[in-house]
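Enquirer: my questions concern the predicted model and sequence given below.
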Amino acid sequence: MHEETGNAAERGGLKRTIVKALKIFCVFLLLFAIFMLIASYQIHSLLVYGFSGFDSKKSGPDVGALPEHPLQKYIAGFLKCESYLPDDYDRKKSIIKNIEKAIDGKFEISAKKKANFVSANRDLRKIAFEMAEGEPDSAEVSVPDIPETFEVLFNLNYDYAGLHEKTKIMAILTRLALNDKDYISAMKFDLALMRLARASAVGQLNYPTLVGVLIQNVVLDRASRTPAETYLSHDELFADTAAVSFMRKALASRVSSLGLLFGLESAFRLEGHMIRAANAKRRKAFPWTMAFLDFFYGKAEGPILSYIGELTAAPRATFREQFAVTKRFEERYYGLIGGSGPNAIFLRPLRVNPLMTHMPDFSGIFHDFASLETRGRLATLGGLARLFHFDNGRWPDLSKDKDFAASAGPAAVDPLDGAAMRFRANSDGTMTFYSVGVDCADNGGDKKKDLTINVKAPTR
């Protein structure tokens, strides 16, 4: 009897223990659910609203500490300048298409419209010619140190769309100058675009930003089309002594400008600072959520800052090393989140910090950047080669004509692998210069795989 009573008491005690444990577990579960609801809300705020809740008007002690960049004076006047497009370009509601046709010389406007267009853009022409004056200076490529407490405040008056439109107008003005055989004016527009390209990189912050350096190379590519055509296609220029003399100066200035282009590594240094500053503010605004995320996943900025560190340590001379660093990072990142396919969308929140689930296509950025810069070098090299042919009656040999290669500077160097630009004499008397392209493999000047330019000998 006593034994049965003891067993019953024991069972009752076990039951009470289980019930108590269940209550504790339920309370813990409730608290955890409340915590997760709060955390989810804060994570949602972090992901969707970014700096929502931060006092964006508050200035730190070092706001404005970055000195005004020497190129800022050019971008400011250029953006304030009024500019106009002729009415004919709005035909069939396809303004962009017709502008491109006008730039390529495939879209005619009446003499009256042309005169009105040139007159309406006389201020833009004046500013462009002022930008073309003077030799490129090493001070124009200065990159200041970023103070740790610097708060990034962008120049809201910096209008990328307006800048892009005005570069197209300059290209049309160049086309009209070429049609009138005003080669010196066409080359001045080219030099203005070369300086404007570098000014674009620093116009927003007095420091090269990621978007800025990409715009830099877009403007460089604009200069490498219609304006560079002056050096590459117009034989009549060589009959004008003054134009030939200006061409020598213009191409030398182009070479100097190529050596002063801002690289992506400078922009990524700023990105690193911005990421650190952003997460510092997030930790201050959402301490518990950020502590949870940091504990569970590690700091969100860790992988990207590690990548930026490797990238900025890679040699600037070639893109191949930067491609390799980028590829290693992307392989680590996509390996961490379970690949780059559709299933990765569901795996990312489980495997990586939610604050780093959306990474830019760094490989695509570098490939586009490298291609645009390489085309700018090839256009310059083509113009120099034609000038060499005019003086010597033959094409230069980059492996033997050392003085020519030295004067061509970066234009004679393939930025993809750091070797000299490849070249090939053709049976029709033309010369092909080419870069190995983003695959960094020499395909013999194959237009589909390599970056090439074909130039013809000038008529003497």
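Expert: That came through fine.
Enquirer: okay, CA-based contacts and neighbour counts for the rest of this
Expert: Noted.
Enquirer: how close does Asp235 sit to Glu229?
Expert: Using CA to CA, to the nearest Å, Asp235 is found at 11 Å from Glu229.
Enquirer: hmm, I typed the wrong one, I wanted Ala250.
Expert: Taken as CA to CA, the span from Ala250 to Glu229 is 13 Å.
Enquirer: would you say Lys20 is within a helix?
Expert: Yes: with DSSP: H, G, I helix; E, B strand; the rest coil as the criterion, Lys20 is part of a helix.
Enquirer: so who does Val141 touch?
Expert: By CA atoms under 8 Å, 6 or more residues apart in numbering, the contact set of Val141 is Leu260, Leu261, Phe262.
Enquirer: would TSV of these with pLDDT and neighbour count be doable?
Expert: Below are the contacts of Val141 laid out as TSV (pLDDT from 0 to 100; neighbours: other CA atoms under 10 Å):
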residue	pLDDT	neighbour count
Leu260	89	19
Leu261	90	21
Phe262	89	26
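Enquirer: closest one to Gly298 out of those residues, please.
Expert: Gly298 has its nearest neighbour among those in Phe262, at 32.8 Å by CA to CA.
Enquirer: in three-state terms, label that closest one for me.
Expert: Phe262 carries the three-state label coil when classified by three-state DSSP.
Enquirer: closest to Tyr297 out of the contacts of Val141?
Expert: For the contacts of Val141, the nearest to Tyr297 is Phe262 (34.7 Å; CA to CA).
Enquirer: quick check: that closest one touching Val213?
Expert: Yes: the pair Phe262 / Val213 is scored as a contact, 6.4 Å apart, by CA atoms under 8 Å.
Enquirer: one step back: who's more crowded, Asp235 and Glu229?
Expert: Comparing Asp235 with Glu229 by neighbour count (other CA atoms under 10 Å), the higher total belongs to Glu229, at 20 against 16.
Enquirer: sorry, back to before: nearest to Tyr160, of the contacts of Val141?
Expert: Nearest to Tyr160 among those, counting by CA to CA, is Phe262 at 17.3 Å.
Enquirer: who's in contact with the closest one?
Expert: Applying CA under 8 Å, 6+ apart to Phe262 gives the contacts Val141, Arg198, Ala201, Pro208, Val213.
Enquirer: what's the local residue count around the second one?
Expert: Residues contacting Arg198 under the criterion other CA under 10 Å number 28.
Enquirer: swap in the fourth one?
Expert: When counting by other CA under 10 Å, one arrives at 31 neighbours for Pro208.
Enquirer: was I right to think it contacts Ser266?
Expert: Yes: at 6.4 Å, Pro208 counts as touching Ser266 under the criterion of CA under 8 Å.
Enquirer: shared neighbours of the two, anything?
Expert: Jointly contacting Pro208 and Ser266 under the rule CA under 8 Å, 6+ apart are Val143.
Enquirer: distance check, Ile75 against His234.
Expert: From Ile75 to His234 the distance is 30 Å (CA to CA).
Enquirer: show me which of these two is the more surrounded one.
Expert: The neighbour comparison of Ile75 against His234 (other CA under 10 Å) goes to Ile75, with 23 against 14.
Enquirer: now the helix or strand harbouring the more buried one: how far from the chain's centre is it?
Expert: Element membership of Ile75 [criterion: DSSP states H and E] is helix 72-80. Remark: helix 72-80 is offset 20 Å from the chain centroid, using CA atoms, centre = their mean, to the nearest Å.
Enquirer: low-confidence ranges, the chain, go.
Expert: Where the chain drops to pLDDT under 70, the residues are 1-15, 19, 32-66, 82-109, 147-158, 315-317, 334-359, 460.
Enquirer: and Thr452, what are its phi and psi?
Expert: According to degrees, to the nearest 10, the main-chain angles of Thr452 amount to phi -130, psi 160.
Enquirer: now it, nearest residue through space, not along the chain?
Expert: Tyr434 (4.1 Å; CA to CA, 6 or more residues apart in numbering).
Enquirer: give me the three-state assignment for the one you found.
Expert: Per three-state DSSP, Tyr434 ends up strand.
Enquirer: so what's it bridging to?
Expert: For Tyr434, the beta-bridge partners under DSSP bridges are Arg422, Thr452.
Enquirer: and the gap between the residue nearest to Leu260 when sequence neighbours are not counted and Thr430?
Expert: What sits nearest to Leu260 in space, not counting adjacent residues and going by CA to CA, 6+ apart, is Val141, at 5.7 Å. According to CA to CA, Val141 stands 36 Å off from Thr430.
Enquirer: nearest to Val455, of the contacts of Phe262?
Expert: Of these, the one sitting nearest to Val455 (CA to CA) turns out to be Arg198, at 26.6 Å.
Enquirer: what's the helix or strand for the closest one?
Expert: According to DSSP H and E, Arg198 maps onto helix 183-202.
Enquirer: packing partners for the helix or strand following that helix?
Expert: Downstream of helix 183-202, the next assigned helix or strand under DSSP H and E is helix 210-223. Helices and strands touching helix 210-223, as assessed by 3 or more CA pairs under 8 Å, 6 or more residues apart in numbering; DSSP states H and E, comprise helix 160-179, helix 183-202, helix 264-285, helix 362-392.
Enquirer: please spell out which residues along the longest one are buried.
Expert: Residues of helix 362-392 classed as buried under the neighbour-count rule (16 or more other CA atoms under 10 Å) are 363, 366-390.
Enquirer: that helix versus helix 264-285: what angle between them?
Expert: Taking axes from the mean of the first three to the mean of the last three CA atoms, to 10 degrees, helix 362-392 and helix 264-285 form an angle of 160 degrees between their directions.
Enquirer: and the angle for helix 362-392 with helix 210-223?
Expert: Note on geometry: by the same axes, to 10 degrees, helix 362-392 and helix 210-223 are set 30 degrees apart in direction.
Enquirer: since that was my last question, I'll sign off now.
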